[in-house]
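J.: Coordinates for the following, if possible.
(one chain, ligands or ions: 2)
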Amino acid sequence: MAKPLKTKPKSSRSSPQRPRIAIAIMAAGKGTRLKSKHPKVLHEVGGKPILAHVIATAKKVVPARDIFVIIGHEAERVREAVAGTGVNFVLQAEQRGTGHAIMVAREALVGYDQVIVLSGDAPLITAETIRKLSDFHTLQKAAMTVLSADLDDPFGYGRVICQGAGGRAEGRVEVQAIVEEKSATPQQKKIREINSGFYAFDAAALYQHIGRLSTANPHGEYYLTDMAGVFHRARQKVVAIKTSDAGEVLGSNTRAETIVLDARLRLAKCRELLEQGVTIFYPHTCVIDSDVEVGADTVIEPFVQLLGYTKIGADCRIRSYSVITNSLIGERVTVKPGTIMEDSRVGAGAVLGPYSHLRPGSDVGEGAHVGNFVETKKIKMGKGSKANHLSYLGDAEIGEDVNIGAGTITCNYDGVNKHQTVIEDGAFIGSDSTLVAPVKIGRGAYVAAASCITEDVPADALALGRARQSVKEGWAREKREAQKERNR
Ligand code: UD1
Ligand code: CA
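T.: Ligands and ions are numbered 1, 2, ... in the order given. Presented below is the predicted three-dimensional model:
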């Protein structure tokens, strides 16, 4: 018969069945080495803030209510940028080091058994690795577990010092201390096992001992890394677990490091899409943000950018040099080269480009065509309608099967206000027409080429808005002959 579970105090270290786990994300630092006016954790990789990646991964491990982001430098900007994720925030008003960041979070973390600490500037960490770190920590009944990694170039990272002169022996996990680059001896600098900046702590032990951290180091800061030595001296267990993929722990302290992370994320994104049945030619030339979705059998040509929350359906072809931001594209859509789209929507089977510019609020219906040098803004264009050449269509409601001739312009702006143009189903707008809004072209009506339309056109009518053509017979011949006469 199974033994009944004993109830234990929440903060007990004696491995409760399901430890209550909190994740603290340190994101209060300035990021001096980036030489930027923007806080480090808001720099973007893979098309979104570094911190947003870390939060998204943390949310795969624990619910948002158990995530605490420690903010400080430009706290309000950082909070605003990620507030939508539903996490909690802790203010570290003065940034006195990573140890200090965790001291400040003390009250917020009351009631948890285990605290996983993540660095807000290391966005490649995976949920799987965080879970491994947490499980290993629970299994080892340790006070502190360090996620470590072997790096070919460990420069700049804290080094993990294991017991015994020979460093970490086979299978041995116990850690004596973590030494920062600036304080390391030449011998310690040769150690390739680095501290990733990710840890699991026993919450009770952490806050029982954190007061022993000091600022006696080259930066004059409270280093969280010093908890390894503090625990070791207090005969509390400190262990390390190595990641299988050292790339996961890379941080972004400099611009050079940031672009490395960005390239890694984007290549990983391409691999994920290839895996899902999308063809991407020359993937290293494409810029695809982390949250983009693409349907199977869609082909993406070289030098395409798919940004933000863009979603593309199946069986599309996105041709080179197109830049598509926060847009929804249905199935079987062809986007010809050089098309720019933002906050727009395109129905199945539509054809765009080459060189179309869909500005925010463009809604292009199924099977519609928007062609060369056509600019649209805040329009709804119905099924099967076509604007193939050289037009500006803004603030317009265009019905189904409408033909917009080359060079048509909706004059939507009077210098103060914007006005609406309505073109009903089946209307035909002749080339080079200007439609002065507010104006309505009725169902099935014709607008003669080169018309300037200032008044509504009823359904099925023909509107001519241009001067009548006059012809002067023989005028050209007479002009030529007069010229010849003068030259004689
Ligand atoms: C830290 C570790 C180092 C490790 C490396 C891994 C320390 C002392 N060193 O160094 O051993 O190899 O990470 O990437 O921890 N932060 C705060 N409040 C502060 C200071 C920092 O929230 O007062 C945040 C930063 O915003 C950043 C994170 O903590 O997201 C790490 O700080 P950072 O200055 O980048 O530490 P490293 O020098 O990279
Ligand atoms: Ca860092």
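J.: On the three-state scheme, L118 is what?
T.: strand (DSSP: H, G, I helix; E, B strand; the rest coil).
J.: meant to ask about P218, not that
T.: The three-state label given to P218 by three-state DSSP is coil.
J.: Which pLDDT value belongs to it?
T.: pLDDT for P218: 92.
J.: Same check on V294?
T.: 98.
J.: How about the one 3 residues further on?
T.: At D297, the predicted lDDT confidence score is 98.
J.: What is the neighbour count of the nearest residue to G361 once chain neighbours are set aside?
T.: Nearest in space to G361, with sequence neighbours left out and distances taken as CB to CB, 6 or more residues apart in numbering, is K378 at 3.8 Å. No exception for glycine: its C-beta is placed from N, CA and C like everyone else's. Number of residues near K378 (other CB atoms under 10 Å) recorded here: 19.
J.: Check S327 too.
T.: Applying other CB under 10 Å, we find 22 residues neighbouring S327.
J.: What of K60?
T.: That count, for K60 with other CB under 10 Å as the rule, works out to 11.
J.: I'd like to know how far the nearest residue to it once chain neighbours are set aside sits from D291.
T.: Counting by CB to CB, 6+ apart, K60 lies nearest to A127, which is 3.7 Å off, once chain neighbours are set aside. For A127, the distance to D291 equals 16 Å [CB to CB, to the nearest Å].
J.: Need the residues that contact the longest helix along the chain.
T.: Assignment by DSSP state H gives helix 255-275 as the longest helix of the chain. Here helix 255-275 makes contact (CB atoms under 8 Å, 6 or more residues apart in numbering) with 34-35, 43-46, 50, 53, 123-124, 247, 250-252, 280, 283-284, 286-290, 292, 294, 300.
J.: Just the buried positions in that helix, please.
T.: 257-258, 260-262, 264-266, 269-270, 273 (16 or more other CB atoms under 10 Å).
J.: Stretch 125-141 now?
T.: Of the residues in stretch 125-141, 125, 129-130, 133-134, 136-138, 140 count as buried by neighbour count, 16+ other CB under 10 Å.
J.: Let me know the secondary structure of the residue in the chain that ligand 2 sits nearest to.
T.: Using CB to the ion, the single residue of the chain nearest to ligand 2 is G251, 3.7 Å away. Three-state call for G251 (three-state DSSP): coil.
J.: Now it: closest residue in space, sequence neighbours ignored.
T.: That would be A122: by CB to CB, 6+ apart, it lies 4.6 Å from G251.
J.: mind checking pLDDT for the one you found?
T.: 95.
J.: wait, isn't V173 in contact with K237?
T.: No. With contact defined as CB atoms under 8 Å, V173 and K237 do not form a contacting pair (9.4 Å).
J.: so what sits against both of these two?
T.: Common neighbours of V173 and K237 (CB under 8 Å, 6+ apart) are Q140.
J.: from what I can see Y392 touches Y413, true?
T.: No. Y392 lies out of contact with Y413 (CB under 8 Å); the separation is 10.4 Å.
J.: neighbour-wise, which of the two wins?
T.: Between Y392 and Y413, Y392 has the larger neighbour count (other CB under 10 Å), namely 19 against 12.
J.: isn't there a strand covering that one?
T.: Yes. Using three-state DSSP, the assignment for Y392 is a strand.
J.: Now for it: which residues touch it?
T.: Contacts were defined as CB under 8 Å, 6+ apart; by that measure Y392 touches 374-376, 408-410.
J.: and with 6 Å instead?
T.: Counting by CB atoms under 6 Å, 6 or more residues apart in numbering, Y392 touches 375, 409.
J.: do V402 as well
T.: Taking CB under 6 Å, 6+ apart, we find V402 in contact with 385, 423, 427.
J.: excluding its backbone neighbours, what's nearest the first one?
T.: Using CB to CB, 6+ apart and skipping the chain neighbours, the partner closest in space to S385 is V402 (4.1 Å).
J.: Kindly give the local confidence score, pLDDT, for that neighbour.
T.: According to the prediction, V402 has pLDDT 98.
J.: ok, back up a step: now, the contacts of V402 that are in strands?
T.: Residues of these located in strands (DSSP state E): I423.
J.: Of the contacts of V402, which is the most crowded?
T.: I423 leads the contacts of V402 on contacts (other CB under 10 Å) with 31 neighbours.
J.: where in the chain is pLDDT low?
T.: Residue ranges of the chain with pLDDT under 70: 1-16, 164-172.
J.: For the residue in it that ligand 1 sits nearest to, list the residues it contacts.
T.: Nearest residue of the chain to ligand 1, counting by CB to the nearest ligand atom: G158, 2.2 Å away. By CB under 6 Å, 6+ apart, the contact list for G158 reads 178, 180, 195, 225.
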